[in-house]
Structures are given as C-alpha cells and as structure tokens.
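*Asks:* Turn this into a structure:
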Amino acid sequence: MEIAWGKGNIILRDDIIRKVTTIAPRKESVICDVSEHVETICKKLAQKIASRNIHKVAIITEDRTRENPEYPLLLNAMIDVLESQSVNNIFLVPAYGTHPAHSLPDHKKLYSEEVLKRVTLVEHDCHNQAQLSPAGALLSGQVLRINSTVASADFIIALGSVAPHAFAGFTGGPKIILPGIADYETIRANHSQIRSSGADLCCQIDNPVHEQMMEALRLVKIDYAIQTVRSAEGTLAGIFYGDLPCSYDNAIDCIIKCNGITVGKCADLVIASCGGAPCDDSLYSGQRCISVASKLVNPGGMMVIIGEFSNLIGNQCLADCLIDRENVLNNIRPEQIEIGMHSALLMIRNMAGAKVSFLTSWEEAIGTKYNLDLISSMGHLEDLILKKTDTGADVFLVPDSSNLVINPKTREKQVYA
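*Replies:* Below is the predicted model of the structure:
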C-alpha cells in the first residue's frame, strides 16, 4: 500500500496490510460539479437582495489554509448578480483569524486576478482596534469585536468549507466569524477553553469552543452562506447554500456520510498517516492526525504518527511546550493560554494516554531535543506491527487522517431567527 508522505509516498508491504485493520471512509466516487449549482446559487442570492435597499456588501471567505478552488467561479458569478442589482460597493474580506495575511500571489491564486479587479480587498487584522467594531456581548461577558467593514455592511455573504477540526468539532459555519473576523482577545479567550474534554475532533456536544462560536454567529447575521464539503480523495462532494446554520448543518451531514467512520473498539497499536503535504509539513500541521489516533488507541497503547514534517515543529510555542510539557499540562491557567499554546495543549493532551512514536524525516537529535520518540525506518515499523499481531493484539492503520470523521458527536439541529 502507498501511504502519502510529503509530496510523495512510502510503501507498506501487502503481507503487513493483511494483518491489520484499515480505518478509512467508504470508497465511493462522490463528485459534485459546482458549475451545476451556480445558476441556483445566483438565483437565490438575487431573491435575497431584490427587496432590500443594499449599498454595501461584504463577502467573507476562508484563507489559504483551506482548499477552495471553486472561489473564482463562485465569486465572479455572485458579483455579476450584485452588479446587476446596482450594488457596486463590494468588499472581499479573508477571514484570517490570527493567521498571517496573504501575499499578493496568494490572493491571485485563491481568488483570481479578475475577481480582485472587481472588489475592494480588506485585510482583516485581529490586533488593530481601529479596524474593529463591537458586535455584542457573548454569554461569558466578553464583548465580541469584528471587522468594521463587515460590521457596517448592509448584506453579508460567507463562504466556508466543512471538515473535521481538532477542537472546534468542524470547520466552516460559525468559524467564519469567530475566529475568522474577530478580535484577538475574543479568539484567545475562545481557544483557551481547549482544556475542556468536549473541545475535540468532530464533537459539537458539550464543546464550549463550538458553542461560543455559535453565539458569535447569532450576534453577526449572515445574510447568505455557501458551505462546501470535500471527499477523502479531495473531490468536491457537496455544496450547500442559503441561511446559516442550515447550510452548515447540511454540510456536516454530508461529510459524515462521505467520510464518517464509527469505530466500536480501540486497538493496542494505531498507525496513522497525516495524509501527506500540506498536512505533514510540520508537526503543528499534523495535530489532526494525532487527534484521530488518540480516539482509536487503547489506554496505555501505542500510536505511530506518519509524516515527513520537513518544517520540523512548525510553531515556536508548540516547540517550547513540548520541551516543558508536564509543566504546561499541570500549571498553565486559562488566562495564560495564548494563540499557539492552545494547539500545544491539545496535542500534549492527546499524546498523554499512550506511547507515541513518529515515523518522520528527522534526525534522532531533533526527537531528543523535543522529547519525541522516533521510528528509524519503515522496516522498523513493519517489525513492530508483526510483533504486535503475532501476540494477537489489534492493530489499526489509518492511511489518511486528513479528512476522516471519527465517531462524530453533533448537536441537535436548531433554527436561529
């Protein structure tokens, strides 16, 4: 079997594959042609704006960290509709959250030069108070501040993609607001709830991170939303449009159907691949893989994480926390949890219940520096698998964890006025 590794593959012998249980979505050809939906998307948008006096529209999109090749087609089509209704003040707002801003080549690749010529691009900065406006108070008492261009818009359009998220449950939906266009302190406070056991992969029930994101969605009314879903192979599996959270809920149902796995028991050894680049660019990029493996391993068992990790740890905060992980787990208070540390806490928590080893491109000295156990070769991994299976132990192989939905816990669907 070929297992993605960076931009290439590594090979696990067929006789080894026959001894393990492979955990992967059903192999179905799920392909959705976005061009078949454009006419309906535009018709519904036109109906939404026809009876309203609209002068300023804000279109919020995800940034380059999400795969959205449909953006140029969708954006050009929607801009056509807006211009036909004499709406010419159209602002495009990438929902960076705390991520770095795009370069001009990033913008051109994500949106196309044609789209960029038709809109005013607004660079959200969660730290710049002059560019933020209050949107209301969350139940915690925290005042949510959002991008001022969005706050002053007559009509807000949101484009999101739904996939498993390591601690918010799923991407897409309310994440376009919080963290997408929110202020740093609100994002920091939201993510500091990472210590809750409910803040988990594919989990919305009793998840305070997700619940607060939904609060933000109630404070910032999205007038029209488009949510996409990709299959495990990366093809577009579904596109849902209309109101939030309805389109978001339908997208979650779709990804569970396409990529969902219900596992009734755990294994003594779990081998999980990050899924190749970009999901194994660094250890920081591989946190979803570790979350998946932690859901499948028996207490006291072993996880082997497969990833090239050519950019090493990938986050200085995570690197520092790995060196001092016991202190981080036991002594860090919520108000001390800055962005970056929340991911470190999650990763350390998910590695705490089992022995964790990494099959990676690193030299042994790197593993030693960060207190990480390395497996030296594929041959070493194959010997480990045979040793376990020869004793009758259960061994799971996850060839690609990047879009896998494991034992989802979704909230009851609700309608928000």
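*Asks:* Give me the neighbour count for the nearest residue to His191 once chain neighbours are set aside.
*Replies:* Of all residues not flanking His191 in the chain, His342 sits nearest, at 4.1 Å (Cβ to Cβ, 6 or more residues apart in numbering). All C-beta spots, glycine's among them, are computed from the backbone N, C-alpha and C. Counted with other Cβ atoms under 10 Å, the neighbours of His342 add up to 24.
*Asks:* What residues does His342 make contact with?
*Replies:* Listed by Cβ atoms under 8 Å, 6 or more residues apart in numbering, the contact partners of His342 are 167, 191-192, 194.
*Asks:* Can you read off the pLDDT for it?
*Replies:* In this model, His342 is scored at 88, pLDDT.
*Asks:* Which helix or strand contains it?
*Replies:* Using DSSP states H and E, His342 sits in helix 341-351.
*Asks:* in that helix, what's buried?
*Replies:* Buried residues in helix 341-351, counted by 16 or more other Cβ atoms under 10 Å: 341-351.
*Asks:* quick check, nearest of those residues to Glu114?
*Replies:* Using Cβ to Cβ, Ser343 comes nearest to Glu114 of those, at 35.9 Å.
*Asks:* any idea whether the nearest residue to that closest one once chain neighbours are set aside is helix, strand or coil?
*Replies:* Among residues not flanking Ser343 along the chain, Gln287 sits closest, at 5.8 Å (Cβ to Cβ, 6+ apart). Applying DSSP: H, G, I helix; E, B strand; the rest coil to Gln287 yields a three-state assignment of helix.
*Asks:* my guess is Gln287 contacts Ile348, does it?
*Replies:* No. Between Gln287 and Ile348 there is no contact under Cβ atoms under 8 Å: 10.4 Å.
*Asks:* returning to what we had before: the residue nearest to Ser343: neighbouring residues, count only.
*Replies:* Neighbour tally, Gln287, other Cβ under 10 Å: 23.
*Asks:* Quick check: which ranges of the protein have low pLDDT?
*Replies:* Counting by pLDDT under 70, the chain has low-confidence residues at 27-30, 412-417.
*Asks:* how's it carved up into domains?
*Replies:* The chain resolves into domains spanning 2-23+263-406, 35-259 when parsed by automatic domain parsing.
*Asks:* how about the strands in the stretch 201-350 of the chain?
*Replies:* 224-230, 236-242, 260-261, 267-273, 297-306 (DSSP state E, counting those that start in this stretch).
*Asks:* Tabulate those in JSON lines, adding columns for mean neighbour count.
*Replies:* Below are these laid out as JSON lines (neighbours: other Cβ atoms under 10 Å):
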{"stretch": "strand 224-230", "mean neighbour count": "27"}
{"stretch": "strand 236-242", "mean neighbour count": "21"}
{"stretch": "strand 260-261", "mean neighbour count": "18"}
{"stretch": "strand 267-273", "mean neighbour count": "26"}
{"stretch": "strand 297-306", "mean neighbour count": "20"}
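*Asks:* Serialize those strands to TSV and add fields for distance to Cys317.
*Replies:* TSV is the format used below for these (distance: least, Cβ to Cβ, whole Å):
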stretch	distance to Cys317
strand 224-230	29
strand 236-242	34
strand 260-261	31
strand 267-273	23
strand 297-306	19
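*Asks:* State the distance from Val398 to Thr389.
*Replies:* Using Cβ to Cβ, to the nearest Å, we find Val398 at a distance of 16 Å from Thr389.
*Asks:* And for Ser291?
*Replies:* According to Cβ to Cβ, Ser291 and Thr389 sit 25 Å apart.
*Asks:* Asn76 too?
*Replies:* In this view, Asn76 and Thr389 are 54 Å apart by Cβ to Cβ.
*Asks:* swap in Ala344?
*Replies:* Distance of Ala344 to Thr389, computed by Cβ to Cβ: 34 Å.
*Asks:* Then Asp200?
*Replies:* To Thr389, Asp200 is 29 Å away according to Cβ to Cβ.
*Asks:* more crowded one of these two?
*Replies:* Between Asp200 and Thr389, Asp200 has the larger neighbour count (other Cβ under 10 Å), namely 28 against 17.
*Asks:* Verify the stated contact: the more buried one with Ser291.
*Replies:* Yes. Assessed by Cβ under 8 Å, Asp200 is found in contact with Ser291 at 7.3 Å.
*Asks:* anything in contact with each of these two?
*Replies:* Joint contacts of Asp200 and Ser291 (Cβ under 8 Å, 6+ apart) are 166-167.
*Asks:* Return the residues in contact with Thr360.
*Replies:* 305-309, 374.
*Asks:* swap that for Lys108, sorry
*Replies:* Leu116.
*Asks:* That one belongs to a helix?
*Replies:* Yes. Under three-state DSSP, Lys108 falls within a helix.
*Asks:* What distance do you get for it to Leu92?
*Replies:* Relative to Leu92, Lys108 is positioned 13 Å away (Cβ to Cβ).
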